[in-house]
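# Model the structure of this input:
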Amino acid sequence: MEPNHPLLDSYILNQSNKSKPKICFVPTASGDSDSYTSRFYQFFEQMNCEPSHLSLFKPPTRDLAGFLLEKDIIYVGGGNTKNLLALWKEWGLDLVMKEAWEQGIILAGISAGSI
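Sure, this is the predicted structure:
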């Protein structure tokens, strides 16, 4: 999220054909940084969407696959790619992300999240 340059974030939202897309931020690569997650909500709560986030340090549910696969857009934040991949593999999110892609869920991200 770039608060002074919202074009990328707006573009990502516009890729969905939903009138009010469900977008989920996954801040794993930043260690679930609270300030990073707050910036996500500061921007997306002002947009025509339903923002949420997935923390692996404080999971919102035991059914992480169900939580993510109901979203229209999954937005992965930047940070440490190696840690992100290790945690995703441990939690099975690597397979969930593949399933999301196969279902046509928009996958987006910046820095480590774009990989």
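# Gln42 and Ile106: what is the separation?
21 Å (CB to CB, to the nearest Å). Where C-beta positions appear, they are placed from N, C-alpha and C, glycine not excepted.
# oh sorry, the question was meant for Ser10
Distance from Ser10 to Ile106, by CB to CB: 14 Å.
# Would you list the phi and psi of Lys71?
phi -90, psi 160 (degrees, to the nearest 10).
# picking that back up, Ser10 and Ile106: which is more packed in?
Taking neighbours as other CB atoms under 10 Å, Ser10 and Ile106 compare with Ile106 leading, 19 against 11.
# In contact with the more buried one, which residues?
12, 15-16, 72-74 (CB atoms under 8 Å, 6 or more residues apart in numbering).
# mind putting those in TSV, distance to Trp101 and pLDDT included?
What follows is the contacts of Ile106, written out as TSV (distance: CB to CB, whole Å; pLDDT from 0 to 100):
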residue	distance to Trp101	pLDDT
Ile12	15	91
Gln15	14	93
Ser16	14	94
Asp72	13	98
Ile73	12	98
Ile74	9	97
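# In helices, which of these appear?
Ile12 (DSSP state H).
# now, which of the contacts of Ile106 sits nearest Asp32?
Ile74 (15.2 Å; CB to CB).
# I figured the closest one hits Trp101, correct?
No - counting by CB atoms under 8 Å, Ile74 stays clear of Trp101, with 9.1 Å between them.
# so what sits against both of those two?
Leu107.
# Those two: who's more crowded?
Neighbours per residue (other CB under 10 Å) separate Ile74 from Trp101, with Ile74 holding more: 24 against 12.
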